[in-house]
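K.L.:
Pasted the sequence and its predicted model underneath.
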Amino acid sequence: MIRLQNVTYLVRDVDDAVRFFTNGLGFTVRQDETFESGWRRVVVGPPQGGAGFVLVVAEADAVGQQAGGDVAFFLETDDFAATHERLVAAGARFRELPRHEPYGTVAVFEDPAGMPWDLIQPPVTTP
């Protein structure tokens, strides 16, 4: 079995990105360590026990277009309204109003670095 574990996420300012990921997405800081060389490794992800990969946050000059303008990340939530509100408060800019599709409620937003994400709440199914 092969599983995606970490993804490098390019940002202009690591501390600003960490604030967005923790306040806006509810992620936790898994690692924040500066080595003797001065290199800083910062890893954020869903709270411990949460499913999914983690992001290795790294400073770079070219940010926000790593996916060529397409949505690079798809964030699933079980409470669209609350997550939407938290993201806006944390600095996300929604490109559109939430829309209802057969696969759930969805809207595209940009994080403070300009990277587009999909916020999706799958439809509620009853047994």
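P.N.:
The structure has been received and is ready for your questions. Numbering: from 1, shown residues only.

K.L.:
how about E85, secondary structure?
P.N.:
helix (DSSP: H, G, I helix; E, B strand; the rest coil).

K.L.:
And for it, the neighbour number?
P.N.:
11 (other C-beta atoms under 10 Å). Every residue, glycine included, has its C-beta placed from N, CA and C.

K.L.:
name the helices or strands packed onto the strand or helix carrying D16?
P.N.:
Element membership for D16 (DSSP states H and E) is helix 14-19. Packed against helix 14-19, as judged by 3 or more C-beta pairs under 8 Å, 6 or more residues apart in numbering; DSSP states H and E, are the following elements: strand 40-45, strand 54-59.

K.L.:
So which residues make contact with the helix or strand following that helix?
P.N.:
Next in sequence after helix 14-19, counting helices and strands by DSSP H and E, comes strand 28-34. Under the criterion C-beta atoms under 8 Å, 6 or more residues apart in numbering, residues V18, T22, R40, R41, V42, V43, V44, G45, P46, P47, Q48, V54 lie in contact with strand 28-34.

K.L.:
Show the model's pLDDT score for D61.
P.N.:
With respect to pLDDT, D61 scores 75.

K.L.:
how's the protein carved up into domains?
P.N.:
Residue ranges for the domains of the chain, per automatic domain parsing: 1-60, 71-127.

K.L.:
on that earlier part again, got the contact list for the helix holding D16?
P.N.:
9, 11, 29, 32, 40, 42, 44, 57-59, 90, 111-113.

K.L.:
buried set for the host helix or strand of F109?
P.N.:
In this assignment (DSSP H and E), F109 forms part of strand 104-110. Across strand 104-110, burial judged by 16 or more other C-beta atoms under 10 Å covers G104, T105, V106, A107, F109, E110.
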